[in-house]
Structure formats: structure tokens, C-alpha cells
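J.: below are the sequence and a predicted model; questions follow.
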Amino acid sequence: VKNRMNAQGRAPVYLRVFLQIGSKTYTTEQSTKIFIEPSKWDSSAQRIKGHSEYVKELNKKLFDLLARTEAVFDVLRKQKTTPNLKSLKDHLSGKVAYREQTSLREIYEMILERKAPGAKPRTLQTVRNRSAIVFDFIKYKYAQTDITLDGITLRFISDLKHYLLSQRKQKEGKVGVSANYAARILEELKSAMDFAQAHEYITRNPFAGFKIGRIQHREPVFISEEELLLLKSKTFPLHVQRRVDVYLFCCYTGLAYVDIFSLTKDNIVKGIDGKEWIHKNRTKTATFAPVPLMDQAKALLSKYKTDP
């Protein structure tokens with residue numbers, strides 16, 4: 001900057017940053033603390049002229065500052081929709097400590113990696129499905145695919161809850177998820193933030209001042225014998241009939257769908273009473289639960305005996 005020359009006739013070299021937001025362009029400057037003779041500056045190459053070791057050292061300093069500026073800008077871009085020049089200048093001047101922030105996606109990846117060895121596939125898929133909805137919100141709200149942990153604030157959580165209940169588009173044109181499902185998604189996010197705090201990625205959990213709300217547990221509705229017989233007597237299209245038969249098999253055996261899904265021929269054994277039994281550990285509790293194979297259940301197994 002020629003109009004700021006010192007007593008020795010040297011001008012300061014400034015880093016000038018331009019930020020365009022829409023049709024407007026904003027500018028800020030940051031001192032490099034380097035002073036040179038104006039004739040030594042190469043404006044086209046944006047470097048100091050010369051090949052001496054001293055000049056090489058100064059040019060390296062300028063290059064490092066430019067690289068650091070780009071790195072800080074990238075971090076700020078991840079934190080907010082639009083980085084602002086004040087934050088950028090505060091980081092470059094040292095007023096705010098610059099450090100690479102861990103992102104929410106990285107935390108979820110760590111959680112899945114640690115859960116994977118002993119967790120069931122459905123458990124891992126549940127985490128993926130619920131976290132995917134959080135990232136849908138981030139894309140909707142901030143027009144980006146990830147966010148750093150310091151961007152997860154009380155305001156972020158409140159906005160996420162509002163999005164889930166009244167803005168998220170569902171199938172068949174419906175808007176908003178149920179209060180129960182929204183609570184489960186928020187609980188999954190809270191677990192991720194608990195993990196981040198426990199592993200010292202954050203010092204304070206933003207959920208500390210937020211109430212998720214109580215999940216309403218519905219009373220189970222049992223099918224009556226009349227309803228069971230009515231369901232069995234009806235004829236459905238093939239793709240629906242398969243689902244109906246699976247449900248009927250659940251009714252006749254007392255097994256959950258996940259247990260039937262993993263059922264094999266090896267699980268059908270002859271008991272001490274000479275009759276066929278299902279010997280299998282329950283998926284949810286991992287406890288052994290032998291089940292007598294009723295005639296109705298046998299009939300369904302026979303029906304799909306040759307089915308791939």
C-alpha cells in the first residue's frame with residue numbers, strides 16, 4: 001500500500017480479501033507485517049521480486065498466509081451458510097484460535113465404526129436412517145452437506161425440531177413426521193453429541209438446555225381369533241399375500257418378524273416329544289426360546305418350501 005509508506009520509504013504488504021454475497025462484494029484487509037520498496041512488488045504474480053534467500057523467505061511467508069486464509073475460510077464455510085469477513089479476520093489476527101473443527105458426519109462415522117463389531121445390522125441402519133434426516137435438514141437450512149460441531153447450538157436443535165414436525169416432506173404429500181419419530185431423531189442426535197462430549201470434541205453439550213419431550217408408548221393391540229380367521233380366509237395379490245403369510249406365521253409361532261427373517265431349515269428340529277419345534281435365539285434378547293411348530297405354521301412352511 002503505497003500511501004502508507006514508513007520513514008524508510010517502504011510500503012506495507014496487505015492481504016486483501018474479497019467476499020461476494022449475491023450481487024454485493026465485501027472487502028477486508030489484513031496486515032502481513034512485511035514492508036518492501038514499492039518497486040520490488042510484482043503485482044501480476046502477487047509476490048516480491050528477487051531471488052535472494054531473504055526474498056524467498058518473505059514470499060514463503062506470504063504464500064503460507066494465503067494458504068492459511070483459504071483453510072480458515074473453508075472451516076468457516078462449513079460452520080455457517082456464509083462466512084463473514086469479521087470471523088475470517090479474527091481468525092487470521094489470532095483473536096480467535098483457529099483449529100480444524102470436527103464435523104457431525106465424522107462423529108456419526110466414529111459411532112458406527114465403534115458399534116459395528118457387536119451391533120446388529122438393523123441397529124446400524126437405524127442410526128444411518130435417522131442421521132440422514134438430520135443431514136437433510138442441514139442441506140435444507142444451510143445449503144450444505146455437513147456442519148461442524150460448534151454449529152450444533154440450541155437454536156440449531158430447535159430449528160431441527162420445527163423442521164421435523166412441520167416442514168419435512170413425507171410420502172403422499174404429507175408434511176411433518178410424528179412427534180414420536182421426531183423425538184427419536186433428536187435422541188439419536190443427542191447420543192451423538194454425548195459421544196462428542198465424552199471424547200472431548202466439545203466442552204458443552206447443546207442438549208443441556210433442551211427438552212426433547214417424552215416418547216408416547218402405545219399400548220399393543222392384539223388380533224382376535226375372529227380377525228385371524230378372517231385374514232386367513234381372504235385372498236390377496238401375490239406380493240401382498242406373502243406379507244400376510246409372514247404375519248400369520250408370526251401369529252402362529254409368537255416370533256417377531258426379525259426372527260422369522262433369519263429363520264433357516266436348521267432351526268426346525270424334532271423335540272423330545274417327537275414333534276417339530278423351532279429352536280432359535282431371539283434376535284432382540286439373544287435368549288433361547290424354543291417354539292412348538294403348530295399345524296398352521298407347518299402349512300405355511302410347506303407352501304413356500306420351493307420358494308427361493
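T.: Looks like it arrived, so ask away.

J.: so how far is R242 from D307?
T.: Using CB to CB, to the nearest Å, one obtains 9 Å as the distance from D307 to R242. C-beta coordinates here come from the backbone N, C-alpha and C atoms, glycine included.

J.: and what of T264?
T.: Taken as CB to CB, the span from T264 to R242 is 18 Å.

J.: neighbour count for these two, which is higher?
T.: R242 (13 against 7; other CB atoms under 10 Å).

J.: what pairs with the strand ranked longest in the chain, and is each one parallel or antiparallel?
T.: The residue-count maximum for a strand in the chain (DSSP state E) belongs to strand 24-36. When pairing is defined by DSSP bridges, strand 24-36 lines up against strand 11-21 (antiparallel).

J.: buried residues in the partner strand?
T.: The neighbour-count check on strand 11-21 (16 or more other CB atoms under 10 Å) flags 11-13, 15, 17 as buried.

J.: what are the contacting residues of stretch 278-289?
T.: In this structure, residues lying in contact with stretch 278-289 by CB atoms under 8 Å, 6 or more residues apart in numbering are 120, 253, 255-256, 258-259, 262-263, 267-269, 290-293.

J.: give the buried subset of these as a PyMOL selection command.
T.: Buried residues among the contacts of stretch 278-289 (16+ other CB under 10 Å), as a PyMOL selection:
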select buried, resi 253+255+259+291+293
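
J.: just the contacts of stretch 278-289 now: which is nearest F73?
T.: K120 (42.3 Å; CB to CB).

J.: the closest residue to the closest one other than its chain neighbours and E276, how far apart?
T.: Leaving aside its sequence neighbours, K120 sits nearest to T283 (CB to CB, 6 or more residues apart in numbering; 6.9 Å). As judged by CB to CB, T283 and E276 stand 21 Å apart.

J.: thinking again about what came up before, report the separation between the residue nearest to K120 and V258.
T.: For T283, the distance to V258 - CB to CB - is 5 Å.

J.: point out where this protein drops to low pLDDT.
T.: Where the chain drops to pLDDT under 70, the residues are 1-3, 21-22, 75-101, 171-173, 214-218, 308.

J.: again, only this time at 50
T.: Along the chain, segments meeting pLDDT under 50 span 80-81.

J.: all strands of it, in order?
T.: Assignment of strands within the chain using DSSP E yields the ranges 11-21, 24-36, 41-42, 47-48, 268-270, 276-278, 291-292.

J.: give me the sheet partners of the last one and which way each runs.
T.: Strand 291-292 sits in its sheet next to strand 276-278 (antiparallel), going by DSSP bridges.

J.: and the partner strand, how far from the chain's centre?
T.: How far strand 276-278 lies from its chain's middle: 43 Å, per CA atoms, centre = their mean, to the nearest Å.

J.: buried residues, it. List them.
T.: Here strand 276-278 shows 277-278 as buried, counting by 16+ other CB under 10 Å.

J.: same question, stretch 179-198
T.: In stretch 179-198, counting by 16+ other CB under 10 Å, buried: 181-186, 188-190, 192-193, 195-197.

J.: now the residues you listed in TSV, with distance to F236?
T.: Listed next are those as TSV, based on distance: CB to CB, whole Å:
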residue	distance to F236
Y181	28
A182	33
A183	34
R184	31
I185	33
L186	38
E188	35
L189	40
K190	42
A192	41
M193	45
F195	45
A196	48
Q197	51
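
J.: among those, which are in helices?
T.: Taking DSSP state H, the ones among the buried residues of stretch 179-198 that sit in helices are 181-186, 188-190, 192-193, 195-197.

J.: so which of those is the closest to S233?
T.: Y181 (34.5 Å).

J.: now do the contacts for the closest one.
T.: Y181 neighbours (CB under 8 Å, 6+ apart): L164.

J.: my guess is C250 meets L263, correct?
T.: No - using CB atoms under 8 Å, C250 is not in contact with L263, being 11.0 Å away.
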